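Participant: Pasted the sequence and its predicted model underneath.
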Amino acid sequence: MSETGQSTPHADPAPPTGGCPFGPGGRDFNPFASPDYADLYAQLETARNESPVFFSEQFRMWIVTRYDDALKILKDAERFSSSTRPIIMASFPDEVRAVLERTHTFSAPNLGFDGQPAHDRLRGPVAKYFSAKAMNRRAPRIGEIVAEVHANIPAGSPVDLVESFARPVANRVVIDLAGLPLEDHDRIMRYHEAVNAFFFGKPPLDRQLGYARDVRELETYLAGVIEEQRIAPREGLISYLLGLMDKGEAHYSTAELISLISFDIIAAGIRPAGYVIVNLCRALLRDPRHWEGLRADPDLFDSAFNESLRHSGMALGVFRQATTDVEVAGVPVPRGAVLWVLVASANHDDSRFPDPEVFDPHRPNLAGGLHFSQGLHYCLGAYLARTVARAGLDVLMRHHPGLRLVPDQAVTYEPSINVMVPAGLLVHL
């Protein structure tokens, strides 16, 4: 459940200023140069040291790389707006855009893309559902789902931790949490693929129109579910919000409810919920002493979880649009310009995190990591992600204490424009 709006927007370029270590107009800056992101952090370190704010002609946006600058932007929703959907829409062909413009996902007020005054009205009721206290109450149910998925892991070794465990856990947890029927799993995942492709992926041109139609079909499906649950409530977010609306304690239009479930839950919630399990296991198993240390002292979980996301979080960054002429680290950025705030770089800024390439769960300032963003759009699903990761790790450590990575494997990543999600991770049980 993210509020970061992580699709790559496109805007008219602003004139570049100053020197840049990546050549004129930042032409050589490319975090996707290697399919396994092998040189990503070296590029980010160069940027932080030599040109922490620069304009990239390739991406047509301003790149922000240092922690302090990123934090200021994320906390300043007035001057740096997350309302980038019109810019995203401009990148699609006319026939695709014509379909998407008629969807609530791309037009209704939304947590991820709208500021005040709509944001607080939309977020308040949902935030209670995803609070730490609420996730503690849901932890037993999440544990049941994790155990059911684990029981179906195929026999033999090696096993793909993504395909056999993390991904089905995330799918089922989020579907269950939303209050959608589990028997609709395959249908929902088809819709998820479509919405996710527009906001986080790289949809091929020949599939975009089909994906756009799937988004409309998803919304028809959700409208039906909402009407059914008005009459016959069930456990889950949809009925929870409808109940608050009946009592006058929440105010959503049907379009806003559909947009919320479509983007904030189905698109932005499923992959992160699975990623946190894979990311944490990979970090711990790279040096088995970390795995054994956490097994011996489960109280280290929160620190290990935070450090795994600081060290190798899911998102490269978040996108913001300047609502006025501003300066970032002394660099003038014009009104209307799009900024790519590279959280992955900020979390490796050695002025904030010494020896940033080292995975160290004992760091003293891990609460300052920006992987869940900051300010108005702090990630709605932070406590859910923590709860899912804890449940997943608990099952793996109890049943597979000797879990280890398959050595020398080439980890591939899902095609994306702003997230780094492993497509698979082989482990020996």
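Facilitator: Nice, thanks for sending it over. Just so you know, these numbers come straight off a predicted model, no measurement behind them.

Participant: And the least confident helix or strand in the chain by mean pLDDT, what's buried?
Facilitator: Within the chain, no helix or strand scores below helix 85-89, which has a mean of 78 by mean pLDDT, DSSP states H and E. Buried residues in helix 85-89, counting neighbours by 16 or more other Cβ atoms under 10 Å, are found at R85, I87, I88, M89. Placement of C-beta: from N, CA and C, glycine included.

Participant: Start and end of stretch 172-188, how far apart?
Facilitator: One end of stretch 172-188 to the other measures 11 Å (Cα to Cα, to the nearest Å).

Participant: Measure how buried S83 is and give me the count.
Facilitator: Neighbours of S83 under the rule other Cβ atoms under 10 Å: 17.

Participant: can you map out the strands along the chain?
Facilitator: In the chain, the strands defined using DSSP state E lie at 53-56, 61-64, 80-81, 159-160, 318-322, 326-328, 331-333, 338-341, 404-405, 426-428.

Participant: To H251, which of these lies closest?
Facilitator: Nearest of these to H251, taken as Cβ to Cβ: strand 80-81 at 22.6 Å.

Participant: Need the residues that contact the closest one.
Facilitator: Outside strand 80-81, the residues within contact range by Cβ atoms under 8 Å, 6 or more residues apart in numbering are I73, L74, G115, R320, Q321, A322, T323, V326, L339.

Participant: swap in stretch 254-270?
Facilitator: For stretch 254-270, the external contacting residues (Cβ under 8 Å, 6+ apart) are 1-4, 6, 104-105, 107-112, 122, 126, 170-171, 174, 177-178, 188, 191-192, 195-196, 199-200, 215, 218-219, 222-223, 226, 237-238, 241, 252, 380-381, 384.

Participant: Same question for stretch 95-113.
Facilitator: With Cβ under 8 Å, 6+ apart, stretch 95-113 has contacts from 2-5, 82-85, 89-90, 92, 118-119, 122-123, 126, 195, 198, 208-209, 212-213, 215-216, 218-219, 253, 255-256, 258-260, 262-264, 268, 377, 380.

Participant: Mind listing what's buried along the longest helix along the chain?
Facilitator: Counting residues, the longest helix found in the chain (DSSP state H) is helix 205-231. Buried residues in helix 205-231, counting neighbours by 16+ other Cβ under 10 Å, are found at 208-209, 211-212, 214-216, 218-219, 221-222, 225-226, 229.

Participant: same for that helix, what does it pack against?
Facilitator: Helix 205-231 sits against helix 94-100, helix 185-200, helix 237-246, helix 254-259, with contacts defined as 3 or more Cβ pairs under 8 Å, 6 or more residues apart in numbering; DSSP states H and E.

Participant: shaky segments in this structure?
Facilitator: Residue ranges of the chain with pLDDT under 70: 1-19.

Participant: Recalculate using a threshold of 80.
Facilitator: Filtered on pLDDT under 80, the chain yields the residue ranges 1-19, 35, 84-88, 90, 115-116, 201-202, 415, 417.

Participant: Pull the number of nearby residues for the residue nearest to A382 when sequence neighbours are not counted.
Facilitator: Among residues not flanking A382 along the chain, F372 sits closest, at 4.6 Å (Cβ to Cβ, 6 or more residues apart in numbering). Using other Cβ under 10 Å, F372 is surrounded by 23 other residues.

Participant: tell me the contacts of F372?
Facilitator: L309, Y378, C379, A382.

Participant: Tell me, how many residues neighbour the last one?
Facilitator: The criterion is other Cβ under 10 Å. On that basis, A382 has 19 neighbouring residues.
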